[in-house]
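**Q** what's the 3D shape of this:
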Amino acid sequence: SWAFASTAVASFRECLAMLHRGEQPASLNFFSAQELVSCSAHMGCSGGSAAEALYYMKQRGAARETCSPYRMRCFHDQSTISMEAAD
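**A** This next block holds a predicted model:
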């Protein structure tokens with residue numbers, strides 16, 4: 001999905017930048033796809049775009065996956081698309 005693709009790209013780019021600076025990251029620390037689905041998408045769980053997600057992360061930052069794991073829930077809208085799958 002667009003949220004997972006965006007967080008993977010941002011996480012890998014951050015890791016590569018750290019390696020380029022000579023830092024040794026302990027592990028790949030992914031950003032939260034749940035935050036993108038809940039906060040950045042105009043359509044909530046009904047869709048979004050990688051470009052919009054990357055812009056959101058650049059402007060506002062994003063929580064890490066460990067802080068806000070993916071729960072298959074919409075917190076942005078009243079969509080039942082993922083709520084039914086989670087419940």
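**Q** Name the nearest residue to Ala63, ignoring sequence neighbours.
**A** Ser32 (4.4 Å; CB to CB, 6 or more residues apart in numbering). No exception for glycine: its C-beta is placed from N, CA and C like everyone else's.
**Q** Please name the residues that touch the one you found.
**A** Contact analysis of Ser32 by CB atoms under 8 Å, 6 or more residues apart in numbering lists Thr7, Ala62, Ala63, Arg64, Glu65, Cys67, Ser68, Pro69, Tyr70.
**Q** wait, isn't the fourth one in contact with Ala33?
**A** If I follow you right, that is Arg64. No: assessed by CB atoms under 8 Å, Arg64 is found out of contact with Ala33, at 10.9 Å.
**Q** quick one, which of the two is more surrounded?
**A** Neighbour comparison, Arg64 and Ala33: the larger count goes to Ala33, with 22 against 14 (by other CB atoms under 10 Å).
**Q** quick one: that one from Glu23, how far?
**A** 25 Å (CB to CB, to the nearest Å).
**Q** How much space separates Thr7 from Tyr55?
**A** For Thr7 relative to Tyr55 (CB to CB), the value is 14 Å.
**Q** Between those two, point out the one with more neighbours.
**A** Remark: of Thr7 and Tyr55, Thr7 carries more neighbours, 25 against 13, as counted by other CB under 10 Å.
**Q** contacting residues for that one?
**A** Listed by CB under 8 Å, 6+ apart, the contact set of Thr7 reads Phe30, Phe31, Ser32, Ala33, Leu36, Ala53, Met57, Ala62, Glu65.
**Q** Just the C-alpha atoms of the lengthiest helix in the chain, please, in CSV.
**A** The longest helix of the chain (DSSP state H) is helix 2-20. Taking C-alpha atoms only, helix 2-20 is exported to CSV below (Å, rounded to 0.1, in the frame of the first residue of the first chain):
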residue,chain,number,x,y,z
TRP,A,2,1.0,3.6,-0.4
ALA,A,3,1.6,4.1,3.4
PHE,A,4,3.9,1.1,3.7
ALA,A,5,5.8,2.0,0.6
SER,A,6,6.3,5.6,1.8
THR,A,7,7.5,4.6,5.3
ALA,A,8,9.9,2.0,3.8
VAL,A,9,11.4,4.6,1.4
ALA,A,10,11.8,7.2,4.1
SER,A,11,13.3,4.7,6.5
PHE,A,12,15.8,3.3,4.0
ARG,A,13,16.8,6.9,3.0
GLU,A,14,17.3,7.8,6.6
CYS,A,15,19.5,4.7,7.1
LEU,A,16,21.5,5.4,4.0
ALA,A,17,22.1,9.0,5.1
MET,A,18,23.3,7.8,8.5
LEU,A,19,25.7,5.4,6.8
HIS,A,20,26.9,8.2,4.5
